[in-house]
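# This is the structure alone, sequence omitted:
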């Protein structure tokens, strides 16, 4: 996410290292680079101007704190102003209304609005414990109603049936009545997507807004459209009282222009950010965390929260008990760890939240994918249970059978066995629950592909930044 901007800014910060103070003379080059990076990231011009002015006013002439290098002081200022542009804190949904609280969804066609309705309903249901009903008032796009019905079934929320022959007004009236009768907490209304700012369609959604008096009116916009996302959101906000914005497809946005422009241009907070196609790939938008990710500092808090939600605690405790008793770490355990990583969005998603990604060589982060992990899992699946529990019995004929069954090469199998041995060494140091031994073990495994080094598939040369 926002890789291009992260690379450019990280390079700029490294250049300013070593100065005794931040003066007008030595800060101008850095500000020029930051300005160019923001413009290339498709951040709206008024946002860039405001941002640069605020950073400049705070940075020029500032004495560097005793414990900070000039680079760190400058980064701290940039991070604070980036948060200021995007919003100082997460803006939560305001559902304090007589049930059902209505959420009205608006947006252009193709922004991922219907998918976002399903993601949001899942988040409200699973994370907030709300009973949710969804309804489609999109009578124009073929199969829009059926699409929402399928997605609602996938995420386990109630779907109110509608028909393309009905008027949107009649659909939402019937849905609201049904939600009241069933004592549903939240009713999410999916409206027709527009190809452009169409006055007739805007009049329709204004009518629905007046009819429903929603607690939240959210505008769904594609992050990859850059500053156009902010301009479109502003046009909608001028016609409709929006309460917030949801950015979709942020995982495919290497620039970051929309995230940095939307709130400043519209005055409305970004409430959620879509980070993939899966139903769980919707995160509350935390400006401080996003600023940290853009600046290559990672987002450890979100990573911890994701682990809390998605890691199988029973499996983790079972492995911990096994290791504590001194039992070996076999390939079946290794496979389980690969699955846990996949549950957290894969290595690319985890790396995006780890500190130091901005210090990687240009394009390095984009080279990381989960294909190697999938190969590893395929190799283990091609083994018998005896081979998984006792990989030392693997001879030439067994190896040939495994690589043929998994469609891989002998190098892939040997790499897997080598990494498994490294993991075994670490786990031995954990015997008896000795965390200090474990950390020493990790520290000694800085080689590429080792659990304590870069993840498998990571290009060499990655290191944490020193500003």
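Cool, the structure landed. The model shown is predicted, which means the values in this text are computed figures rather than measured ones. Residues are numbered from 1 along each chain as shown.

# can we go C-alpha only for contacts and neighbour counts from here?
Fine.

# The chain: strands as residue ranges?
Residue ranges of the strands in the chain, as given by DSSP state E, are 21-22, 62-63, 101-107, 132-136, 158-160, 186-190, 216-222, 244-248, 270-274, 282-284.

# name the helices or strands packed onto the fifth one?
Put plainly, it is strand 158-160. Helices and strands touching strand 158-160, as assessed by 3 or more C-alpha pairs under 8 Å, 6 or more residues apart in numbering; DSSP states H and E, comprise strand 132-136, helix 144-155.

# gap between that strand and the chain center?
Its chain's C-alpha centre lies 28 Å from the corresponding centre of strand 158-160 when counted by C-alpha atoms, centre = their mean, to the nearest Å.

# Not counting that strand itself, show me its contacts.
Around strand 158-160, the neighbours that count as contacts under C-alpha atoms under 8 Å, 6 or more residues apart in numbering are 132-136, 148-149, 152-153, 175.

# Now that strand: average pLDDT?
Per-residue confidence for strand 158-160 averages out to 95 on the pLDDT scale.

# Walk me through which strands that strand pairs with, and which way each runs.
strand 132-136 (parallel) (DSSP bridges).

# Report the angle between the strand it pairs with and strand 101-107.
Here the directions of strand 132-136 and strand 101-107 differ by 40 degrees (axes from the mean of the first three to the mean of the last three C-alpha atoms, to 10 degrees).

# what comes up buried for strand 132-136?
Of the residues in strand 132-136, those with enough neighbours to count as buried (16 or more other C-alpha atoms under 10 Å) are 132-136.

# Make CSV from the residues you listed and add distance to residue 122 to it.
Formatted as CSV, the buried residues of strand 132-136 follow (distance: C-alpha to C-alpha, whole Å):
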residue, distance to residue 122
132, 8
133, 11
134, 11
135, 14
136, 16
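
# which one of those residues sits closest to residue 225?
Within these, distances to residue 225 taken as C-alpha to C-alpha reach their minimum at residue 136, with 25.0 Å.

# how close does the nearest residue in space to that closest one that is not next to it in sequence get to residue 217?
In space, residue 136 comes closest to residue 190 once its chain neighbours are excluded; the distance is 4.7 Å by C-alpha to C-alpha, 6 or more residues apart in numbering. Residue 190 sits 11 Å away from residue 217 when distances are taken as C-alpha to C-alpha, to the nearest Å.

# shared neighbours, these two?
Counting by C-alpha under 8 Å, 6+ apart, the residues touching both residue 190 and residue 217 are 104-106.

# Show me which of the residues you listed is closest to residue 400.
Within those, the smallest distance to residue 400 is 54.9 Å, found for residue 105 (C-alpha to C-alpha).

# Tell me the confidence at the most centrally placed residue in the chain?
Among the residues of the chain, the one closest to the centroid is residue 275, at 4.1 Å (C-alpha atoms, centre = their mean). The score at residue 275 is 81. That number is its pLDDT.

# quick one, domains of the protein?
The chain breaks down into these structural domains: 3-86, 101-301, 310-443 (assignment by automatic domain parsing).

# so can I have JSON lines of these showing distance to residue 94?
Converted to JSON lines, those look like this (distance: least, C-alpha to C-alpha, whole Å):
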{"stretch": "domain 3-86", "distance to residue 94": "19"}
{"stretch": "domain 101-301", "distance to residue 94": "7"}
{"stretch": "domain 310-443", "distance to residue 94": "26"}
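
# ok, how many other residues are close to residue 396?
Neighbours of residue 396 under the rule other C-alpha atoms under 10 Å: 9.

# next one: residue 333
Burial of residue 333 is recorded as 17 neighbouring residues (other C-alpha under 10 Å).

# so what secondary structure elements neighbour the longest helix anywhere in the chain?
As assigned by DSSP state H, the longest helix anywhere in the chain is helix 410-429. With contacts defined as 3+ C-alpha pairs under 8 Å, 6+ apart, the secondary structure elements packing on helix 410-429 are helix 371-381, helix 396-406, helix 435-443.

# This completes my enquiry, with thanks.
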